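Peer 1: this is a predicted model, with the sequence first.
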Amino acid sequence: MPVNILPTRLPKGISDSIGRTVGGLGITPNAISLVGFAGNLLAAWLITQDQLLWAGGVYLFFSALDMVDGAVARATGLASPYGAVFDAVLDRASEALVLASCGWYFAERGEQVQAAFAYAAIFGSIAVSYMRARAEIAGMSMRDGLFRRQERVGLLTLGLFFNGLTVIVILLAVLANFTALQRFWMLRGGMREEAPS
């Protein structure tokens, strides 16, 4: 049974209000996506500098822009297939860079096992998104799963804030890869149902 822990969008009233306000300033959704990516680059750099608390705050703030760009796109009528792909690519790159910086952080301390889990978490996070992309190509919706991007962002932020990066990265690696397998199983089931008998 799919589990949805956190919402993927802001409540409609709040989303519309933010979208109109920010859009009224002439800021485009793609510009917001770029700013979010730049902020996550900063978070990744802060992790390599052992500034985990600051990295957590920066990561959380700029990752939250992922909901704002969509709100602006809908409120201003600028939503487009290209914008959706552009946003998705930057989201994946942002997450991969932040997790790679965690791998760097551990490797610099000689903690090779933790570094390996960080890279496994990168694989899992990309695989989760890939399963969704493949499902959409097949004409299926795939937004469900135990551990989606918003849960991964929330958990990693907690690890950065509370100096629990080792435990969090291990959890990310295990749960992200489990979610990829979960989505693969859901995709397999959906394709079997749609296959002609």
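Peer 2: Cool, got the structure.
Peer 1: now do the contacts for residue 162.
Peer 2: Applying C-beta atoms under 8 Å, 6 or more residues apart in numbering to residue 162 gives no contacts. Backbone N, C-alpha and C define where each C-beta goes, glycine included.
Peer 1: for the protein, what spans make up the helices?
Peer 2: With DSSP state H as the criterion, the chain has helices at 12-24, 29-48, 52-76, 81-108, 112-137, 149-161, 165-194.
Peer 1: kindly reformat these as TSV containing mean pLDDT and mean neighbour count.
Peer 2: Rendered in TSV, the data for those read as follows (pLDDT from 0 to 100; neighbours: other C-beta atoms under 10 Å):
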stretch	mean pLDDT	mean neighbour count
helix 12-24	70	15
helix 29-48	93	20
helix 52-76	86	21
helix 81-108	92	19
helix 112-137	90	19
helix 149-161	91	20
helix 165-194	86	18
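Peer 1: any idea which residue is closest to the centre of this protein?
Peer 2: The structure's the chain has its C-alpha centroid closest to residue 149; by C-alpha atoms, centre = their mean the separation is 3.6 Å.
Peer 1: distance of it relative to residue 174?
Peer 2: Look at residue 149 and residue 174: by C-beta to C-beta, to the nearest Å, they are 16 Å apart.
Peer 1: ok, residues contacting stretch 128-135?
Peer 2: The contact list for stretch 128-135, computed with C-beta under 8 Å, 6+ apart, reads 88, 92, 141-143, 145, 147-149, 176, 179-180, 183-184, 186-187, 190.
Peer 1: ok, now stretch 76-90?
Peer 2: Around stretch 76-90, the neighbours that count as contacts under C-beta under 8 Å, 6+ apart are 19-20, 23, 28-30, 33-34, 36-37, 66, 69-70, 72-73, 129.
Peer 1: residue 55 contacts residue 48, correct?
Peer 2: No: taking contact to mean C-beta atoms under 8 Å, the distance of 9.0 Å between residue 55 and residue 48 leaves them out of contact.
Peer 1: quick revisit: now the two most distant members of the contacts of stretch 76-90.
Peer 2: Longest distance between any two of these is 29.3 Å, between 20 and 129; criterion C-beta to C-beta.
Peer 1: for the contacts of stretch 76-90, which one is nearest residue 109?
Peer 2: Distance ranking of the contacts of stretch 76-90 against residue 109, using C-beta to C-beta, places residue 37 first at 27.1 Å.
Peer 1: nearest residue to the closest one other than its sequence neighbours?
Peer 2: With C-beta to C-beta, 6 or more residues apart in numbering as the criterion, residue 37 has its nearest non-adjacent residue at 4.4 Å, and that residue is residue 90.
Peer 1: so how far is residue 66 from the residue nearest to the centre of the chain?
Peer 2: From residue 149 across to residue 66, the span is 8 Å (C-beta to C-beta).
Peer 1: same question, residue 124
Peer 2: For residue 124, the distance to residue 66 - C-beta to C-beta - is 19 Å.
Peer 1: could you do residue 179 as well?
Peer 2: To residue 66, residue 179 is 18 Å away according to C-beta to C-beta.
Peer 1: one step back: which one of the contacts of stretch 76-90 is nearest residue 157?
Peer 2: Relative to residue 157, and with distances defined as C-beta to C-beta, the nearest of the contacts of stretch 76-90 is residue 66, at 13.3 Å.
Peer 1: having no further points to raise, I will conclude here.
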